[in-house]
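A.B. asks: need coordinates for the following:
(one chain, ligands or ions: 1)
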Amino acid sequence: MSDIDMKQTRAESNEQRTTTTVGETEEELQSEWSAYEFDGQTKISVSDLDVYYGSDQALRGVSMDIPEKSVTALIGPSGCGKSTFLRCLNRMNDRVSSARVEGSVTLDGEEIYQDGVNLVELRKRVGMVFQAPNPFPKSIRDNIAYGPRKHGDIDTGLLARLLGDANPEEEEDLIQRSLRQAALWEEVSDRLDDNALGLSGGQQQRLCIARCLAVDPEIILMDEPASALDPIATSKIEDLIESLAQEYTVVVVTHNMQQAARISDQTAVFLTGGELVEYDDTDTIFEDPNSQRVEDYITGKFG
Ligand SMILES: Nc1ncnc2c1ncn2[C@@H]1O[C@H](COP(=O)(O)OP(=O)(O)OP(=O)(O)O)[C@@H](O)[C@H]1O
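C.D. replies: Residues are numbered from 1 along each chain as shown. Reported below is the predicted structural model:
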């Protein structure tokens, strides 16, 4: 189906919807939006995902396809499971002893919840940036080089130096490239050996993004990456997220609906109880959502 046909079909179904909203069940509405196909290749496919912490269920039957090289926003009220969902995408919930994950998550068609998956390799492909900037108490340079050194992508250890395998130029290139990609190079190029903790909060967060990029991920998960920042630093992070989506698949949790509307291509709305209530392109979610609950949430009637 072409883009135009798809939009037309959606417009027609929207028309029908306005006349039939009363009496429609959530299941009916959900089957309508879940038939929607995004442009672009699916990078991550989630099917029937249930997550429990002990006997409490945090996510219920979540299914969604996340297209590559785009920004997908996850929104919803506190406690609805956004962070839990995000952490399922690189198996960070494995670190929570009470967490149990059922269902399927595939990355480029490969199941990540199967025996034998190398979690270090998975988390290299699926990087993560957290709410509060968390640079290591080391130099800016060492923050960036930490991951590539750990993964053996660059080796500057004593043995490598003795064997002549160390490549300081390669390391410099990588540091510069990562900082440029994170829009931080201009601000720190003359103080790479300074402690990263001396940077402002916004600079620290961009450093954490640069650190994530340095290991060459395909997907970047961000959990409220700008919530601890002032408006100017927030706007830099938002610009950065949009530009990263040209090369990377970005999934971002945010409490800020304007931010989701500004930066994302598609938006998933989770509501209390850990259900994914609606997932669609961002304009549709904010201008013409299927579900009354989503409309109420978007317009601030609850949440
Ligand atoms: N490590 C944990 N142990 C037990 N319960 C947890 C844990 N992490 C999250 N939960 C519970 O799972 C549910 C979903 O939490 P989650 O943090 O995923 O929601 P959220 O939508 O990201 O919330 P917020 O917007 O407040 O960050 C909540 O009821 C929460 O209390």
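A.B. asks: for the most centrally placed residue in the chain, give me phi and psi.
C.D. replies: Among the residues of the chain, the one closest to the centroid is V251, at 2.1 Å (CA atoms, centre = their mean). Main-chain torsions, V251, degrees, to the nearest 10: phi -120, psi 120.
A.B. asks: next one: it from D280, what distance?
C.D. replies: From V251 over to D280 the distance is 16 Å, taken as CB to CB, to the nearest Å. For every residue, glycine as well, the C-beta is placed using N, CA and C.
A.B. asks: flag the shaky bits of this protein, pLDDT-wise.
C.D. replies: By pLDDT under 70, the low-scoring segments of the chain are 1-39, 152-168, 302-303.
A.B. asks: so who does the one residue in the stretch 101-250 of the chain that gets nearest to the ligand touch?
C.D. replies: At 7.1 Å from the ligand, E224 is the closest residue in the stretch 101-250 of the chain, using CB to the nearest ligand atom. By CB atoms under 8 Å, 6 or more residues apart in numbering, the residues touching E224 are Q131, V253, T254, H255.
A.B. asks: and the strands in the stretch 151-300 of the chain?
C.D. replies: 219-223, 249-253, 266-271, 275-281 (DSSP state E, counting those that start in this stretch).
A.B. asks: would you indicate which residues of the third one are buried?
C.D. replies: Across strand 266-271, burial judged by 16 or more other CB atoms under 10 Å covers Q266, T267, A268, V269, F270, L271.
A.B. asks: quick check, nearest of these to the ligand?
C.D. replies: F270 (6.4 Å).
A.B. asks: hang on, isn't that closest one packed against G79?
C.D. replies: No - applying CB atoms under 8 Å, one finds F270 not in contact with G79, separated by 9.7 Å.
A.B. asks: against I209, how distant is the residue lying closest to A183 once chain neighbours are set aside?
C.D. replies: Leaving aside its sequence neighbours, A183 sits nearest to L240 (CB to CB, 6 or more residues apart in numbering; 5.2 Å). According to CB to CB, L240 stands 7 Å off from I209.
A.B. asks: of those two, which one has the most company?
C.D. replies: Between L240 and I209, counting by other CB atoms under 10 Å, I209 is the more crowded of the two (26 against 22).
A.B. asks: neighbours of the closest residue to the more buried one other than its chain neighbours, how many?
C.D. replies: Closest residue to I209 apart from its sequence neighbours, by CB to CB, 6+ apart: A182 at 4.5 Å. When neighbours are counted by other CB under 10 Å, A182 registers 26.
A.B. asks: related to what we said a few turns ago, which one of the strands of the stretch 151-300 of the chain lies nearest to I112?
C.D. replies: strand 219-223 (11.0 Å; CB to CB).
A.B. asks: so what strands line up beside the closest one?
C.D. replies: Here strand 219-223 has these sheet partners by DSSP bridges: strand 126-129 (parallel), strand 249-253 (parallel).
A.B. asks: reformat the ones you listed as a markdown table; add distance to G40.
C.D. replies: Conversion of those to a markdown table gives the following (distance: least, CB to CB, whole Å):
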| stretch | distance to G40 |
| --- | --- |
| strand 126-129 | 18 |
| strand 249-253 | 10 |
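A.B. asks: among these, which is nearest Y113?
C.D. replies: Comparison of the strands paired with strand 219-223 against Y113 by CB to CB identifies strand 126-129 as nearest, at 13.0 Å.
A.B. asks: is the ligand within reach of the closest one?
C.D. replies: No - applying CB under 6 Å from any ligand atom, one finds strand 126-129 separated from the ligand by no less than 13.7 Å.
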